[in-house]
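In: Have a look at this prediction, sequence included:
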Amino acid sequence: MRAKAVEPGNMGRTPAAFSMRSPYQAYKSPFGPQYVIPRNYHGITVNHLIKYGGLAAGFGGVAGFFALFFFAEVPRVRKDIMQKVPILGDYFIQEIPPEDNPF
């Protein structure tokens, strides 16, 4: 007898994202620990969202702060944004001396 050819990919199984859940509830013993499964969406709970949302907000804030000071020497950014910062605004004012002015 010949061996059956192996199918590529998922080998004929239904992927987990599209499979149906069992129609019955798992047995819960009255003598065991009284646990509660938290509400989730595909395994993502509210605690996960809070944890990783705070982490993403921190990285986003640092990236925005870096971008602002990286582009601080662009004249438009310097004039419209950086000069209006209360404490650092005077540092970004550039005056061209008269002898360097070509006109």
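Out: Yes, it's here.

In: most centrally placed residue in this protein?
Out: For the chain, the residue whose C-alpha lies nearest the mean C-alpha position (C-alpha atoms, centre = their mean) is A56; its distance is 4.3 Å.

In: For the helix or strand hosting that residue, give the mean pLDDT please.
Out: Taking DSSP states H and E as the definition, one finds A56 inside helix 46-70. The average pLDDT within helix 46-70 is 95.

In: and the lowest-mean-pLDDT helix or strand in the chain, which residues are buried?
Out: Among the secondary structure pieces of the chain, namely its helices and strands, helix 75-80 has the lowest mean (mean pLDDT, DSSP states H and E), a mean of 88. Neighbour-count burial for helix 75-80, with 16 or more other C-beta atoms under 10 Å as criterion, is recorded at V77, R78. Glycine gets a C-beta too; all of them are placed from N, C-alpha and C.

In: can I have that helix written out in CSV, keeping just the CAs?
Out: Once side chains and other backbone atoms are set aside, the C-alpha atoms of helix 75-80 remain, and they are given as CSV (Å, rounded to 0.1, in the frame of the first residue of the first chain):
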residue,chain,number,x,y,z
PRO,A,75,13.4,76.9,11.1
ARG,A,76,9.6,76.3,11.0
VAL,A,77,9.6,74.0,14.0
ARG,A,78,12.0,76.4,15.9
LYS,A,79,9.7,79.4,15.2
ASP,A,80,6.3,77.8,15.6
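
In: same for that helix, what does it pack against?
Out: The contact analysis (3 or more C-beta pairs under 8 Å, 6 or more residues apart in numbering; DSSP states H and E) places helix 75-80 against no helix or strand.

In: Give me the distance from it to the chain's centre.
Out: Centroid displacement of helix 75-80 relative to its chain, using C-alpha atoms, centre = their mean, to the nearest Å, is 29 Å.

In: Can you pull out the residues in contact with it?
Out: Outside helix 75-80, the residues that touch it by C-beta atoms under 8 Å, 6 or more residues apart in numbering are L68, F71, A72, F92, Q94.

In: Tally up the residues packed near the nearest residue to the first one once chain neighbours are set aside, please.
Out: I take that to be L68. Nearest residue to L68 in three dimensions, chain neighbours excluded: I81, at 7.1 Å (C-beta to C-beta, 6 or more residues apart in numbering). I81: 15 surrounding residues under other C-beta atoms under 10 Å.
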